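[1] Next input, structure requested:
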Amino acid sequence: MYTGGIEVGMPPNEAGMSRNDTDYLHVYNWKKLAELAKDSKNVKVVNNHKIVPMEVAVKNDALFLIPEPKSPHGVDVSPDGEYITVCGKLDTHASVYKWSKIKELIKNKDYAGKDPYGIPILDMKKSLHGQAELGLGPLHNQYSNVDGEVYTSLYVDSQIVKWNYKTLKVLDKVNVHYNVGHLCGMEGKSADPQGKYIISLNKLAIDRFQNVGPLHPQNHQLIDVSGKKMDLLVDMPLPLGEPHQAVAIRAEKLHGHVRYTMGTNSRTDSIHEGKTLAGQERIERKGNKVFVYATMVRSHINPERITVNKGDEVTFYITNLERAQDEAHGFTVDHYNIHASLEPGKTSSIKFTADIEGVFPYYCTEFCSALHLEMMGYLMVKDPNKKYDSTQKKKMQTMSPEQLKAEYDKTVATNAATDAVIQSVVKFLKENKYEKHKVVADLVTDAMDQYGKIPEQKKQADAAVKAGDMEKAILFENMIWQYMVKTADVGIRAKDALVRLIATKQSAAAAAGEKAFGEGGCGGCHVIGKVSSGPDLTGVLQRHGENGEKWVKDFIMNPEKMYTDPYVKGMIDYFNLRMPNQHMDEKETKNIIEYLKWVDQNANLF
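    Model prediction:
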């Protein structure tokens, strides 16, 4: 609903897209929709497809909304169909909805309200089984072959988290390198997940491979999930593109071909009548019929702009010019419910009537290159009986001046809180002379480059406030937040790198203890330097007097024997968690204590 416009002094798309919208899970009763579609009075026919209008679906209790976490990244249904998991990258929680609860709410018409289009909204809390706090930037999920277990990618934390969507407990975390988006389990979104392995599809691989120039490979990492603890097995560097959605399927199910002769009609294996080579692209009009001869090659669709009249019959002939055997392209025109898939060398045709007036992007739907998002063009459908004038921008939504002012104040306060975090990181870096360490200094330069863009945005926001344009002011403040998040992401990475460089060198026992701490699952609840799902362990050896080391050793090896200890009971009541027995042996426990000593020696750094 907001498209930015840097050329007219507006922030770019990302600021507008992150505004105060509400994200909804859409719930359809597809069986009821199928029945409704049998009656011609309930449908519109578009391109020979029966379409049930929204108002008909609402009237017949076939369409509902449920609020979701901010910026959701997919809906994942458990193998038994009962639990629905939604993660939002701007929320630290995963929300687990229960299908039986949703059905009961619908049955009883127990609605929390309606959206502006009249669609019933179900109460989020009543629909939820519960929420689990997983970490920063949860995105995508894959299911395990163990009942209740699921794996989720954490983009900002650069981790895979293993947790139980029934008990809502975090079971384990493993670090990846870096910024994982999607992850791929072995048939992990099917009714029969295979378990065994997870592949982490990371967007960055900084410091993971030999530096041979500015371009680093993308990094897939194979993780063994067959045991109690996840085990990172191997890196799989990839030279091209951003790793995105992937699905694993058992090899015996696959029977693949390689490529087509240029211009092949895959339905007949003969040369397609619309075969088009580079330089032959054209648009031909015959009365009210328009024929588009187009080509696709990374990352360009030719032609880029096509103008037709409302009511024209439009035929696209599209040829994939790629010779690489794995460079497929997809093609669709927004709103027209058409799609073509083009393997290398293939020519496909699509036909539709341009019966909707407007401007409609057409684009590649297969992630094909770093410029995939730019692989697009525009179809302009004009009414020949109309004169077209430029229009003023539309308001994203109607808000009262008081609501706009409250939203502005909220955004400014969020920015101030984010800036306070940035300044604390800056203070740490300066106090510890980050400039002496090139790898850290380079990260700080990157962070400050982002931070340096903020004053101009603030100037624009203040000017908008002075002019009384609060909506514009909010958008510029959101742009400031975007730059702050980028600054903080790189700055925290710089801080973590500096800590490792200036901290006291670990003894062999302390290093082994840190490894045991990680592999033993301690990091699932404890984060050194801050309170998380469990208490901060900095200084834990000094909390129990002269026998601190013995107390910690006994607690690690036999925590259940100390649940009634007043101190432990207080921790259990506060965190609503009990320290589990991770079955550490005596050597592992002693090494962990050495690691905690090392932490205390460097407490000022955490």
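
[2] How is this protein partitioned into domains?
    22-252, 264-382, 401-502, 508-605 (automatic domain parsing).

[3] roughly how far is the second one from the heart of the chain?
    Think domain 264-382. 29 Å (Cα atoms, centre = their mean, to the nearest Å).

[4] Check the shortest one too.
    Its chain's C-alpha centre and that of domain 508-605 lie 33 Å apart, by Cα atoms, centre = their mean.

[5] likewise the longest one?
    Average the C-alpha atoms of domain 22-252, do the same for its chain, and the two points are 10 Å apart (Cα atoms, centre = their mean).

[6] swap in stretch 262-278?
    The answer for stretch 262-278 is 38 Å, by Cα atoms, centre = their mean.

[7] Point out where this structure drops to low pLDDT.
    Scanning the chain with the threshold set as pLDDT under 70 gives 1-4, 14-21, 240-241, 256-258, 323-325, 389-399, 524.

[8] wait, what's in contact with Val46?
    Applying Cβ atoms under 8 Å, 6 or more residues apart in numbering to Val46 gives the contacts Asn337. Backbone N, C-alpha and C define where each C-beta goes, glycine included.

[9] One more: Gly185?
    So Gly185 contacts 142-144, 151, 193-195, 197-199, 225, 248 (Cβ under 8 Å, 6+ apart).

[10] Let's have the domains of the chain in JSON lines, adding distance to Gly5.
    Putting these into JSON lines (distance: least, Cβ to Cβ, whole Å) gives the following:
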{"stretch": "domain 22-252", "distance to Gly5": "22"}
{"stretch": "domain 264-382", "distance to Gly5": "15"}
{"stretch": "domain 401-502", "distance to Gly5": "10"}
{"stretch": "domain 508-605", "distance to Gly5": "40"}
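
[11] between the ones you listed, which one is nearest to Met10?
    Closest to Met10 of the domains of the chain is domain 401-502 (Cβ to Cβ; 6.8 Å).

[12] and the closest one, how far apart are its ends?
    Using Cα to Cα, to the nearest Å, one end of domain 401-502 lies 52 Å from the other.

[13] Stretch 425-438 now?
    17 Å.

[14] Direction included, what does the helix or strand that Met296 is a member of pair up with?
    Met296 is part of strand 289-297 when elements are defined by DSSP states H and E. For strand 289-297, the paired strands and their directions (DSSP bridges) read strand 282-286 (antiparallel), strand 300-302 (antiparallel), strand 313-320 (parallel).

[15] Throw the ones you listed into a markdown table and include distance to Gly130 and mean neighbour count, thanks.
    Formatted as a markdown table, the strands paired with strand 289-297 follow (distance: least, Cβ to Cβ, whole Å; neighbours: other Cβ atoms under 10 Å):
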| stretch | distance to Gly130 | mean neighbour count |
| --- | --- | --- |
| strand 282-286 | 56 | 11 |
| strand 300-302 | 46 | 18 |
| strand 313-320 | 47 | 22 |
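
[16] Any idea how many residues pack against Ala416?
    Around Ala416 sit 10 other residues, with neighbours defined as other Cβ atoms under 10 Å.

[17] Helix or strand: which one has it?
    In the assignment (DSSP H and E), Ala416 maps to helix 401-431.

[18] what's the answer for Ala464, then?
    helix 454-466.

[19] Past that helix, which element shows up next along the chain?
    Once the chain leaves helix 454-466, the next helix or strand it forms, by DSSP H and E, is helix 470-502.

[20] what about that next one, distance to the chain center?
    18 Å.

[21] could you point out which element follows that helix?
    helix 508-519.

[22] can you list the residues that contact that next one?
    175, 229, 506, 523, 584, 588, 590-598.

[23] out of these, who's nearest Gln457?
    Comparing those against Gln457 with Cβ to Cβ places Asn175 closest, at 33.2 Å.
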